[in-house]
Each structure stands twice: as C-alpha cells, then as structure tokens.
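A.B. asks: Sharing a sequence plus its predicted fold:
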Amino acid sequence: MSVYLLRRLIQAALVMLAMSVIVFIGVYAIGDPVEILISPDADQMERARAIAALGLDKPLWQQYLSFLGNALRGDLGRSFVFNEPALKLIGQRAPATLELAFAAMFLAILVGLPLGLYAGLRPDGVGAKAIMAGSILGFSLPTFWVGLMLIMVFAVQLGWLPSTGRGETVEILGLRWSFLTMDGLAHMAMPALNLALFKISLVIRLTRAGVRETMLMDFVKFARAKGLSPRRVIGVHVFKNILIPVVTVTGLELGSTIAFSVVTESVFAWPGMGKLIIDSINVLDRPVIVAYLMSIVLMFIIINLVVDLLYSVLDPRVRLESK
C-alpha cells in the first residue's frame, strides 16, 4: 500500500506540474487585464507603474518561474481586483460549492440507486419504463432552464423555498457552512436538486445496466440454486458487484460537479467558486483564475486516489500493491 501511495503521489506531482504550465500559459497568454483594470484616462506613467505592480512587465517564462516558486510556498498570487491572496478568495468560496456538490451527489445516490435497481430487476414493468423515460429527460433538459422552472414553481408561485442566496450560515474552523441550519438547507434545496438531476439519471442507467449484466452471472445463478432468498441474492451478490462501476463514475462526477457548477450557481446566485470564476474571467483576474483551476486539478487527483482505494474495499481481487 505504501509503494502504491508513493507512486500515486509522484504521479500527482507530475500532473500538477504539467497542468500548471498549461494553465499558466493558457491564462496569461490571452487578453490584457491592464485594459480592464486601469482607467483609459490614465497616462503612460500610471500605466507603467500599474503593470510593474501587477508583475506583468516581465517575460512570460519569468512570470511562470516566479509563480512556480511562490506556489511551492503555498502562494498562488494576489487578486488584481480584491488585492487579497487568490487562495484565500478560493477558500472563502469553496465551502459553498463543496456542500452544494456533495448534496447533489448524495441526492443522486439516494434516488438513483433504488430506482436503477428496481428498473434492472423488473425491466419490462411499467414503472421501470417510466423510470428510464425520466432518466432521458434528466439527461436532455438544460440545467439553466430547469433552474428557472424550479424558481418559477417553488419560489414564485408556491412560495415554499427561497430563490437565491445561501441563507443562514454557521462558522466552523473559520469556514462558513449553510447545511447546518434550516434556513441554509431551504436555500440549498433547489440548487442541489438542479445540480443533481443529470447525476440521478446517470446513476439510474449505470445501476440498471449493472443489475441486468450481473443477474446473468454464474455466481448469481449458483446462489439461487443454493436456495438463498431473493433479498440476500440481490443485497449481497448483486448489489455489491454493481457498486464498483457506480463508485468509479460517481467519484469522477463529483469532481465534475465541483468544477462545472457554474451554471447552477449563476442561476441561483449561489456564492460559490463558480460564480467567483465567472466574475474573475470578466475582469481577467489572472491569479484567481489560475488558483481556481489548480485547485480543481488537485481535487480531481484526490478524488481519483480515493476511488482507487475504495476498489480494494469493494473488490478484494483488486491489488493496489506493486508487483
């Protein structure tokens, strides 16, 4: 296990290094934040001082080496707009995005697994066909349109839920969390559901396909021949085997949910990282953009590592140790 972890950590470091080059060049080679941040009425002396203060007067390779050296010390630069460390801004917005993403994935598993299991066990039933038709809608409907419809129905017409914002929060370890208050949960309900619809459809189809494939396996037929109850056959032999692909895809989808929650956060005015990155792109706040992208890469690496470790728990045939 230690050899495997060491190898994965080395791979993660190389991936982070490669991504830092790609992200830095991609972000810093496009556009000129000076044209946005500095008044058009400023003279050449003021522009020169501002460019030097932002560190944009150096060649690109020198800017990257300076960025890399600071990044090794945990400093990804200061925001051009807020004049605060970029990582501090990301850290302030990260709890909002993380709790929204985890809530969406929790809903996807809570709803998708039972529905997919039912659709796989009774594929010709009316209920199973209705579930699969609903999953197609979950894939097809645009996220922004669903969000607007949720606001129109549950906030405007029925008045059951608040339409925007994060609601009341509680501070834990210096971070603000809204899922610990009833008002926060009420504000989270619609954006979490909006973000979860696509994931629910994905889990349903994955679970159904896994059940249909596993039910034809010899070990399931042997378990039935031994006289085991249908509940035990499904709960022990079928369910445990379909969890492996579900865990794999769910883990990767968690990363994508965190990274691509921009639309949902914009529709519901949810103050997370997605809204921050949109605002930063509009003003070409390069340090914040780079810090956000590097944070997302690190999250994907950590999630992939956790998913790989879960393999050994779900399937003892998977060997993590090096030969």
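C.D. replies: Nice, thanks for sending it over.

A.B. asks: can you give me the helices in the stretch 1-150 of the chain?
C.D. replies: With helices called from DSSP state H, counting those that start in this stretch, the stretch 1-150 of the chain shows them at 2-28, 34-37, 44-54, 60-72, 86-121, 126-140, 143-150.

A.B. asks: nearest to V283, of the ones you listed?
C.D. replies: helix 34-37 (5.3 Å; CB to CB). For every residue, glycine as well, the C-beta is placed using N, CA and C.

A.B. asks: Give me the average confidence score over that closest one.
C.D. replies: Helix 34-37 shows an average pLDDT of 62 in the prediction.

A.B. asks: Next: stretch 279-286.
C.D. replies: 80.

A.B. asks: now the end-to-end length of it.
C.D. replies: For stretch 279-286, the first-to-last residue distance is 11 Å (CA to CA, to the nearest Å).

A.B. asks: Ok, which of the helices of the stretch 1-150 of the chain comes nearest I289?
C.D. replies: Evaluated with CB to CB, the helices of the stretch 1-150 of the chain place helix 2-28 nearest to I289, the distance being 5.2 Å.

A.B. asks: Show me what the closest one is packed up against.
C.D. replies: helix 60-72, helix 286-314 (3 or more CB pairs under 8 Å, 6 or more residues apart in numbering; DSSP states H and E).

A.B. asks: Adding distance to Q157 and mean neighbour count, write the ones you listed out as JSON lines.
C.D. replies: What follows is these, written out as JSON lines (distance: least, CB to CB, whole Å; neighbours: other CB atoms under 10 Å):
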{"stretch": "helix 60-72", "distance to Q157": "49", "mean neighbour count": "14"}
{"stretch": "helix 286-314", "distance to Q157": "36", "mean neighbour count": "19"}
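
A.B. asks: Which of these sits closest to T169?
C.D. replies: With CB to CB as the measure, helix 286-314 is the member of those nearest T169 (20.9 Å).

A.B. asks: Redo the helices of the stretch 1-150 of the chain as CSV? Include distance to L185.
C.D. replies: As requested, those are exported to CSV (distance: least, CB to CB, whole Å):
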stretch, distance to L185
helix 2-28, 35
helix 34-37, 38
helix 44-54, 41
helix 60-72, 37
helix 86-121, 9
helix 126-140, 23
helix 143-150, 15
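
A.B. asks: can you pull the buried residues of the helix or strand where K221 lies?
C.D. replies: Per DSSP states H and E: K221 is located in helix 218-225. Going by neighbour count (16 or more other CB atoms under 10 Å), the buried part of helix 218-225 is V220, A223.

A.B. asks: Mind listing residues that contact it?
C.D. replies: Here helix 218-225 makes contact (CB atoms under 8 Å, 6 or more residues apart in numbering) with T214, R232, V233, H237, V238.

A.B. asks: how near is V3 to L216?
C.D. replies: Distance of V3 to L216, computed by CB to CB, to the nearest Å: 37 Å.

A.B. asks: of these two, who's got more company?
C.D. replies: The residue with more neighbours, out of V3 and L216, is V3; 11 against 8, by other CB atoms under 10 Å.

A.B. asks: how much space between the more buried one and T250?
C.D. replies: 27 Å.

A.B. asks: do the same with L76
C.D. replies: Using CB to CB, L76 is found at 29 Å from T250.

A.B. asks: and what of V146?
C.D. replies: Taking CB to CB, one finds V146 at 21 Å from T250.

A.B. asks: Now do the same contact list for the one residue sitting closest to the centre of the chain.
C.D. replies: Using CA atoms, centre = their mean, the residue of the chain that lies closest to the mean C-alpha position is I258, 2.0 Å off. By CB under 8 Å, 6+ apart, I258 lies in contact with T97, L98, A101, M273, I296, M299.
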